[in-house]
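Q: What follows is a predicted protein model with its sequence.
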Amino acid sequence: MSTGKRRIDLEEIGGVTIAKFVDKKILDEANIQTIGGQLFALIDEDGRRKIILDFSLVEYLSSAALGKLIIMDKKAKAAKTKLRLCCIRPDIYEVFEITRLNKIFDIKSTQEEALEDF
Amino acid sequence: MNLSDDQFEVVIPSQYEAGQAVVERIMTLVQPVGFQDRDLFGIRLSVDEAVTNAIKHGNQSHPDKTVRIGFHLDERKVRIEIEDQGPGFRPEDVPDPTAPENLERPNGRGLMLMREFMTRIQYNAKGNVVVLEKHRQTTPVG
């Protein structure tokens, strides 16, 4: 279900979908529900097989947003969709490190790097 | 009620927007006093998580329940106390989200992030009041 204002910009490069978050802060419950719905639809409705989540505009996120990313990762694995994350600023990357989520996600520094051998 | 610029106490309804307004107020007071950027990021994240927990998990977003937030800032530290009207919980019962069997569970990371980013985090015995403290780096400036 992808209701509400679009919270992610989509771009296709060589069969890879780049989903870029448009919000600086991903924390409010309603916002996170909308983002989650739009992300899940990429797999559940559109059947996309290669997805890069681009965090370059994101300055801040809450643990509830991390929860959505984990569900996204599970959906991707179940659907055999390849998922990569990129362009995460150091503050937020530290959140991934503390919670060890850097171990379950394939995280690249730049979009170019994320597109390589995908 | 405003006691002074570096100390206040407010009681807010169990609404996300009311919580965010207090988070912003706290950050406006904390930002100019010389915390490092990483510390500011961590304070915002921790206060945000704690206030959200109080509203959502403590008070279950009940319209008749409120959250009390106390703020104190001095030259050494910032201290934030958050009290909800829920039944409380035992922090030690929250499973370690970094344990391999929990790594893919979508919940349980807020508490861990607060512990990591703040100098001190303390719950009362009932588990409905949390105190967050961040001490400033003691490196002399100038």
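A: Received, thanks.
Q: what's around residue 58, how many residues?
A: You didn't say which chain, so I picked chain A. The number of residues packed around A:Val58, counting by other CB atoms under 10 Å in any protein chain shown, is 21. In short, each C-beta sits where N, CA and C put it, glycine included.
Q: my bad, the chain I had in mind was chain B
A: The number of residues packed around B:Gly58, counting by other CB under 10 Å, is 27.
Q: do the same with the one 3 residues further on
A: Other residues near B:Ser61 number 14, with proximity taken as other CB under 10 Å.
Q: Can you classify it by secondary structure?
A: Following DSSP: H, G, I helix; E, B strand; the rest coil, the label given to B:Ser61 is coil.
Q: Close to chain A: what parts of chain B are there?
A: For chain B, the residues in contact with chain A under the definition CB under 8 Å from any CB of the partner chain are B:16, B:20, B:37-38, B:41, B:44-45, B:48-49, B:52, B:56, B:97-98, B:103-107, B:109-110, B:112-113, B:116.
Q: Go again with 10 Å.
A: Contacts of chain B with chain A, taken as CB under 10 Å from any CB of the partner chain, map to B:16-17, B:19-20, B:23, B:37-38, B:40-42, B:44-45, B:48-49, B:52-53, B:55-56, B:61, B:96-100, B:102-117.
Q: From those residues, list the buried ones, please.
A: Buried positions within the residues of chain B next to chain A, assessed by neighbour count (16 or more other CB atoms under 10 Å in any protein chain shown), are B:16, B:19-20, B:23, B:40-42, B:44-45, B:48-49, B:52-53, B:55-56, B:97, B:106, B:108-114, B:116-117.
Q: related to what we said a few turns ago, just the ones of the residues of chain B next to chain A in strands?
A: In strands, judged by DSSP state E, none of the residues of chain B next to chain A are found.
Q: Tell me which of these fall in helices.
A: Members of the residues of chain B next to chain A lying in helices (criterion: DSSP state H): B:16-17, B:19-20, B:23, B:37-38, B:40-42, B:44-45, B:48-49, B:52-53, B:110-117.
Q: Which part of chain A gets nearest to chain B, residue-wise?
A: When CB to the nearest CB is the measure, chain A has its nearest residue to chain B at A:Gly67, with 3.4 Å between them.
Q: Which strands or helices does the strand or helix carrying that residue pack on?
A: Secondary structure here is read from DSSP states H and E; on that basis A:Gly67 sits in helix A:63-78. Applying 3 or more CB pairs under 10 Å, 6 or more residues apart in numbering or on different chains; DSSP states H and E, one finds that helix A:63-78 makes contact with strand A:25-26, helix A:29-44, strand A:50-54, strand A:82-86, helix A:90-98, helix B:37-53, helix B:110-117.
Q: Go through the residues of chain B and report the one nearest to chain A.
A: Using CB to the nearest CB, the closest approach of chain B to chain A is made by B:Pro106 at 3.4 Å.
Q: so what's the residue nearest to that residue when sequence neighbours are not counted up against?
A: Computed as CB to CB, 6 or more residues apart in numbering or on different chains, the closest residue to B:Pro106 that is not its neighbour in sequence is A:Gly67, at 3.4 Å. For A:Gly67, the set of contacting residues under the criterion of CB atoms under 10 Å, 6 or more residues apart in numbering or on different chains consists of A:32, A:36, B:105-110.
Q: tell me which of those is nearest to B:Asp74?
A: Distances from the contacts of A:Gly67 to B:Asp74 were compared by CB to CB; the smallest belongs to B:Gly110, at 26.3 Å.
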